[in-house]
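# Model the following, please.
(2 chains)
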Amino acid sequence: MREEASAVDLVGPLAMPGGARPTFESLLQPVLDGAFAVALRYTRNRTDAEDLVQEAALLACRGFQSFSPGSNFRAWFLRILTNCFYSSYRKGKRQGVEVQLEDAPELYLYQETAAAGLHQRSDDPAKLLLEKLTGEQVEAAIGALSDENRVVTTLYFVEDFSYQEIADVVGVPVGTVRSRLHRSRRMLQKALWTIAKERGIVSALTADASEED
Amino acid sequence: MPLPDRLTCEQAFDRLNDYLDRELSPEEMRLVKEHLEVCAVCAGEYKFEAGVISGVREKLRRIDVSAGLRAKISALIAQEETRKTSS
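Model (predicted):
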C-alpha cells in the first residue's frame, strides 16, 4: 500500500485522525508571519529578510523528513532560519557593517534615568521613557546589537521564547543563552538611552520636570 | 548549595534577571518574591527592569508577510515537491 502511494499522498493534505503526516506547507503557512518578523530583526532590512525566509523555507522543505510530527514546528523552522542566517547569510554582504556596542553595567537605564531626575518625575520612570520612544527607535536599538546578541534578543522579545527554547533554536547551551541574553538586555538599555538622548527625548522629559518645579 | 531561608539584597539581585524571565526554580522564585515584598529598593529596581522589558515588547510592531512573498514561497514549495516526486 505504501509503495503504491505517490509522494503527495504520503505527505498530505493535513494531519488526519488516522495519523497521516501533515503537509509541509500546511505547517509552514501559520508560522510565516512570525518567522518573517524574526528574519526582519536578524537582517535589519525587508529585502534580505524575504530572501532569508525563502531560503529557510526551501531548506526546511527539503529536510522535512527530519521533522518529528507532533513536535514544535515553529521552533524547528526557526532553527533552520537561524542556521541559515548564521551560515550563509551572515558571511555575505552584511559582514563588517555590524555596530559593536560596549557592554553596560547592570541597571544601566535605572541609574541613568535616576541621575537625570526622571524618578522624581514619575513613579514608573521606565514607562515614562519607553512611552516617548517610537517603535522605530526601539527597533534601531535592537538593530545596534551584534548578530549573536540580536538573535537571542529577537527570540526573547519577538517570540517570547524561554531560555531552553532559545538554546534549542540557536544550538548553544542554556547557560550561554542566559549570559548572552542578560548582556544583550544591558546593551539594549544603553542603546535605548543613547537614542533617547540623541533624539532629545531625555532633555524634553527633564525640561517638563523643571517646568513643573 | 542549600538555599537560605531568606535572601539578602545581593542574593536577590543576583537572581533578578532569571526572576524576571521566570527561569528560577519554584523555591527560588518564592524567595525572590518574598524579598521584593519587604525591600522597597529591590522592588523598585525589579519594577523598573520589568517595565523596560514590557515596554520594549509593546513597541515591537507585528509584521505580516506580504501576499507576494507568501505566494512566492508557495510556488517554491510546489516546485520542490514536484522535483521530489519526479526524482
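# Secondary structure element for the residue nearest to A:S184 when sequence neighbours are not counted, which one?
Excluding the flanking residues, the one nearest A:S184 by CB to CB, 6 or more residues apart in numbering or on different chains is A:N149, at 4.0 Å. Placement of C-beta: from N, CA and C, glycine included. Per DSSP states H and E: A:N149 is located in helix A:147-157.
# pLDDT averaged over that helix - what is it?
The average of the pLDDT scores along helix A:147-157 is 96.
# tell me what the worst-scoring helix or strand of chain B on mean pLDDT is packed against?
Using mean pLDDT, DSSP states H and E, helix B:67-86 stands out as the lowest-scoring helix or strand of chain B, at a mean of 91. Judged by 3 or more CB pairs under 8 Å, 6 or more residues apart in numbering or on different chains; DSSP states H and E, the packing partners of helix B:67-86 are helix A:7-11, helix A:24-28, helix A:32-43, helix A:46-62.
# rerun at 7 Å
Applying 3 or more CB pairs under 7 Å, 6 or more residues apart in numbering or on different chains; DSSP states H and E, one finds that helix B:67-86 contacts helix A:7-11, helix A:24-28, helix A:46-62.
# Quick check: nearest residue in space to the residue nearest the centre of chain A, chain neighbours excluded?
For chain A, A:T154 is the residue whose C-alpha lies nearest the centre (CA atoms, centre = their mean; 1.5 Å). Sequence neighbours aside, A:R41 is the residue nearest to A:T154 in space, at 4.1 Å (criterion: CB to CB, 6+ apart).
# Show the pLDDT at that neighbour.
95.
# swap in A:V8?
Taking A:V8 on its own, its pLDDT is 34.
# What are the buried residues along stretch A:101-113?
The neighbour-count check on stretch A:101-113 (16 or more other CB atoms under 10 Å in any protein chain shown) flags A:L101, A:A104, A:E106, A:L107, A:Y108, A:L109, A:Y110, A:Q111, A:E112, A:T113 as buried.
# Who are the packing partners of the helix holding A:N149?
helix A:32-43, helix A:163-170, helix A:174-198.
# could you redo the last one with a cut-off of 10 Å?
Applying 3 or more CB pairs under 10 Å, 6 or more residues apart in numbering or on different chains; DSSP states H and E, one finds that helix A:147-157 contacts helix A:32-43, helix A:73-84, helix A:135-143, helix A:163-170, helix A:174-198, helix B:40-59.
# so which of those comes closest to B:G68?
Proximity to B:G68, assessed across the helices and strands packed on helix A:147-157 by CB to CB, is greatest for helix A:32-43 (12.0 Å).
# buried set for the least confident helix or strand of chain B?
The neighbour-count check on helix B:67-86 (16+ other CB under 10 Å) flags B:L69, B:R70, B:K72, B:I73, B:I77, B:E80, B:E81 as buried.
# and the residue nearest in space to the middle of chain B, what does it touch?
Nearest to the geometric centre of chain B sits B:D21, at 5.2 Å (CA atoms, centre = their mean). Contacts for B:D21 (CB atoms under 10 Å, 6 or more residues apart in numbering or on different chains) come out as A:Y156, A:S162, A:Y163, A:R178, A:L181, A:H182, A:R185, B:I53.
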